[in-house]
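# okay, structure incoming, though there's no sequence with it:
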């Protein structure tokens with residue numbers, strides 16, 4: 001895979017298949033507004049899950065989850081608040097997950113409750 005965009009798309013597709021296989025209902029992919037973008041929004045057992053997917057072909061720059069720094073977490077939290085209000089889902093619980101995709105062997109590490117809301 002040559003471009004970061006292609007790697008990202010491949011990673012998101014792999015993550016989506018994994019989530020469906022594990023009984024998540026994908027509500028939206030690549031939801032975007034003026035605040036930013038979240039890769040996947042899914043529903044699992046009455047919880048809205050905001051999922052950041054990080055795909056890497058090597059660990060040269062650290063583990064994928066390390067790219068979801070405090071700044072990115074704040075953006076995801078603001079996106080979640082905006083999304084929940086926009087869709088009238090205030091009564092639902094929310095959770096933030098990170099899915100690491102290792103491209104060399106197409107493996108996944110799913111970190112549930114990666115950070116607090």
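Good, I have the coordinates. Not measured: the values here are computed from a predicted model.
# just say helix, strand or coil for residue 98.
strand (DSSP: H, G, I helix; E, B strand; the rest coil).
# measure residue 12 to residue 50 for me?
14 Å (CB to CB, to the nearest Å). C-beta coordinates here come from the backbone N, C-alpha and C atoms, glycine included.
# also residue 14?
18 Å.
# neighbour count winner among these two?
Ranked by neighbour count (other CB atoms under 10 Å), residue 14 and residue 50 place residue 50 first, with 22 against 19.
# tell me the pLDDT of the more buried one.
At residue 50, the predicted lDDT confidence score is 98.
# how long is stretch 44-60 from one end to the other?
Start-to-end span of stretch 44-60 (CA to CA, to the nearest Å) is 33 Å.
# in that stretch, what's buried?
48-56 (16 or more other CB atoms under 10 Å).
# among the residues you listed, which are in strands?
48-56 (DSSP state E).
# tell me the one among those residues nearest to residue 116.
Closest to residue 116 out of those is residue 50 (12.3 Å), distances taken as CB to CB.
# for the chain, which spans come out with low pLDDT?
1-2, 117 (pLDDT under 70).
# now the strands for it?
25-32, 37-44, 47-56, 93-102, 107-115.
# hang on, residue 93 packs against residue 47?
Yes. Between residue 93 and residue 47 there is a contact under CB atoms under 8 Å: 4.6 Å.
# hmm, who's touching stretch 49-62?
1, 7-8, 10-12, 14-15, 19, 24, 38-43, 63-65, 67-68, 72, 76, 79-80, 83, 94-104, 114 (CB atoms under 8 Å, 6 or more residues apart in numbering).
# cool, and stretch 91-102?
Residues outside stretch 91-102 that contact it (CB under 8 Å, 6+ apart): 10-11, 14-15, 18-19, 40, 46-56, 63-65, 68, 73, 76-77, 80, 84, 107-117.
# re earlier: who touches both of residue 12 and residue 50?
Joint contacts of residue 12 and residue 50 (CB under 8 Å, 6+ apart) are residue 40.
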